[in-house]
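Colleague: What follows is a protein structure lacking sequence information:
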């Protein structure tokens, strides 16, 4: 049975796009203050049903609104995201605004600085409404691992929004923000984008600065946008992409105008269809919609090419070794000394570490720290960690080989649509397998987007995933935009 | 089960995690089944494969950056210690205070 549909109830409000806001501000049909107040009102009304926001920053949003309205009044040129209400995943640092990572171990943590992606969005005029719920330290595929309760999917309230960036996806899908930032380590942008029926882009590794992102797995983490249109995703990328001196892994590659190719013909683009992503275990409704979506791409003049990516089946195993190893190291800093609450335990230093971490980390986080510590421990390193790094190289080679033959790769985002809350919480491995089509992109560093590809007969969104080579975001967005304009698979 | 109770305790000690008896039993079982799943990697021939330690794609799209550049080592002001210590669990400027460690 489908839950109550929040999306319908918010449809009576205007659904703004970034371009629409710019036009309306310039025509003085709306002020930034009215927009900020309207969105804060929407959150007040709808968030109790969704639990998408963990903290609100109304003062910060209204202060920014005043700045934007002053620019409009003075006739100054408006920056790219002027007056755009945005939401930020709670693993991304925001100066003066509580950043919990969905964890009790940071329940009172207030960062002393802004993440670069947030600073860039605000410099471009965006109005930050608040911080969005997520799986604890971004570990999860359903948002059910948040210490602050699960997020409900706005399309069907009894279902998960996906994870780990579930709050960001739900907020944008329900019209509570025009754009949101999420993070993708194993699928945490694209999978919730697919589950909630909105575009969701994972940029190339290093394309967007990770400075201020509280690290889960440093060789995998990316920051990227959720929006309601592909054009808006391109607009956000124009602002957040680029080299940052504070992140040594951020790329120096030139940042193109990601909107430039939108609307250009995709005729003749070679689209790879890897057979490994269409195996058994895929929901029949997902298969039906994705096949129809590929048909729509062919009608646009794309040439489909069947591909073989032989190491795909090893991706989840590689991922859970490398991710947990990196996470166990990154999360060592949470010990009750410098931030968050402290559990004094038996009164000794070691007792304090053990009690703080043992009592304030959630179940999934402890499970992954244990697994990661195990695979890195003496005697097991070569068998697990080194082996996984070698197979990671082979998965990456699959992508390199594929992109010698095709321009882009198309797959489903997830094997099934949004599942019911509570359905997979007792089986970690089953939950991990929800990321089976997305983790390969994280491991290989490529870019990928999930775009809406119709609904199942039950009315649940299906996501079509488009992978592109490193730094080919513009091409990925071009095809996603063409697909968005043509489709409506059912 | 391949994973013993002692191994779970050893890992918990390394990771500074206090676990309840129920957690020890649960994580032992789950660690076992996850590691069993990852054993499928043993089927892959990796004898001539360099481990991939980092994704550093350069402008041309190559995965390894052949010419990493380093920033100048310049001191820049970073005056946030007051703000950080104010919010610490037990801040005693300019220090974080922790239980005595001499006996350890």
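Modeller: Good, I have the coordinates. It should be emphasised that the depicted structure is a prediction, and the values quoted were computed from it without experimental measurement. Numbers count the residues shown, from 1 in each chain, chains lettered A, B, ... in the order given.
Colleague: Okay, and residue 35 sits in which element?
Modeller: I went with chain A, as the question did not name one. helix A:32-50 (DSSP states H and E).
Colleague: Correction: the question concerned chain B.
Modeller: Per DSSP H and E: helix B:21-38 holds residue B:35.
Colleague: So which elements touch that helix?
Modeller: With contacts taken as 3 or more CB pairs under 8 Å, 6 or more residues apart in numbering or on different chains; DSSP states H and E, helix B:21-38 sits against helix A:315-330, helix A:363-376, helix A:428-432, helix B:5-14. (Glycine included, C-beta is placed from N, CA and C.)
Colleague: how many degrees apart are it and helix B:5-14 in direction?
Modeller: 100 degrees (axes from the mean of the first three to the mean of the last three CA atoms, to 10 degrees).
Colleague: tell me the angle helix B:21-38 makes with helix A:315-330.
Modeller: 140 degrees.
Colleague: Following helix B:21-38 in sequence, what is the next regular element?
Modeller: Using DSSP H and E, the first helix or strand after helix B:21-38 is helix B:81-86.
Colleague: so what's the backbone phi/psi at the residue positioned nearest the centre of chain A?
Modeller: Centroid-nearest residue in chain A: residue A:189, 2.1 Å away (criterion: CA atoms, centre = their mean). Dihedral angles of residue A:189 (phi, psi; degrees, to the nearest 10) stand at phi -100, psi -50.
Colleague: What residues does it make contact with?
Modeller: Residue A:189 makes contact with A:165, A:182, A:183, A:200, A:201, A:202, A:222, A:224, A:226, A:450, according to CB atoms under 8 Å, 6 or more residues apart in numbering or on different chains.
Colleague: which residues pair with the last one across the strands?
Modeller: Using DSSP bridges, the beta-bridge partners of residue A:450 come out as residue A:200, residue A:465.
Colleague: That one and chain B, how far apart?
Modeller: To chain B, residue A:450 is 20 Å away according to CB to the nearest CB, to the nearest Å.
Colleague: Ok, the third one next?
Modeller: Note on residue A:183: its distance to chain B, by CB to the nearest CB, is 15 Å.
Colleague: Tell me which residues are up against the helix holding residue B:35.
Modeller: A:316-317, A:320-321, A:366-367, A:370-371, A:374, A:384, A:388, A:428-429, A:432, B:1-5, B:7-9, B:12, B:19.
Colleague: Using neighbour counts, trim those to the buried set.
Modeller: Neighbour-count burial (16 or more other CB atoms under 10 Å in any protein chain shown) is assigned, among the contacts of helix B:21-38, to A:316-317, A:320-321, A:366-367, A:370-371, A:374, A:384, A:388, A:428, A:432, B:3, B:7-8, B:12, B:19.
Colleague: Phi first, then psi, for residue A:280.
Modeller: The phi/psi pair for residue A:280 (degrees, to the nearest 10) reads phi -60, psi 160.
Colleague: Would you mind identifying the next helix or strand past the helix or strand of chain B with the lowest mean pLDDT?
Modeller: Ranked by mean pLDDT, DSSP states H and E, the helix or strand of chain B with the weakest confidence is helix B:81-86, at a mean of 92. Next helix or strand after helix B:81-86 toward the C-terminus (DSSP H and E): strand B:91-92.
Colleague: Please enumerate residues in contact with that next one?
Modeller: Defining contact as CB under 8 Å, 6+ apart, one finds that strand B:91-92 is touched by B:84, B:85, B:97.
Colleague: dump the residue contacts of the residue nearest the centre of chain B.
Modeller: Chain B has residue B:15 as the residue nearest its centroid, 9.1 Å off, counting by CA atoms, centre = their mean. Neighbouring residues of residue B:15 by CB under 8 Å, 6+ apart: A:328, A:332, A:357, A:369, A:370, A:373.
Colleague: repeat that with 7 Å
Modeller: When contacts are counted by CB atoms under 7 Å, 6 or more residues apart in numbering or on different chains, residue B:15 touches A:328, A:369, A:370, A:373.
Colleague: so where's chain B shaky on pLDDT?
Modeller: B:56-69, B:103-104 (pLDDT under 70).
Colleague: Any idea how many residues pack against residue 36?
Modeller: Since you didn't name a chain, this refers to chain A. By the criterion of other CB atoms under 10 Å in any protein chain shown, residue A:36 has 25 neighbours.
Colleague: try chain B instead
Modeller: Residues near residue B:36, counting by other CB under 10 Å, number 13.
Colleague: For residue A:279, see how far away it is.
Modeller: 21 Å (CB to CB, to the nearest Å).
Colleague: hang on, the earlier thing: just the contacts of strand B:91-92 now: which is nearest residue A:310?
Modeller: Closest approach to residue A:310 among these (CB to CB): residue B:84, at 49.1 Å.
Colleague: Right, I'll call it a day here.
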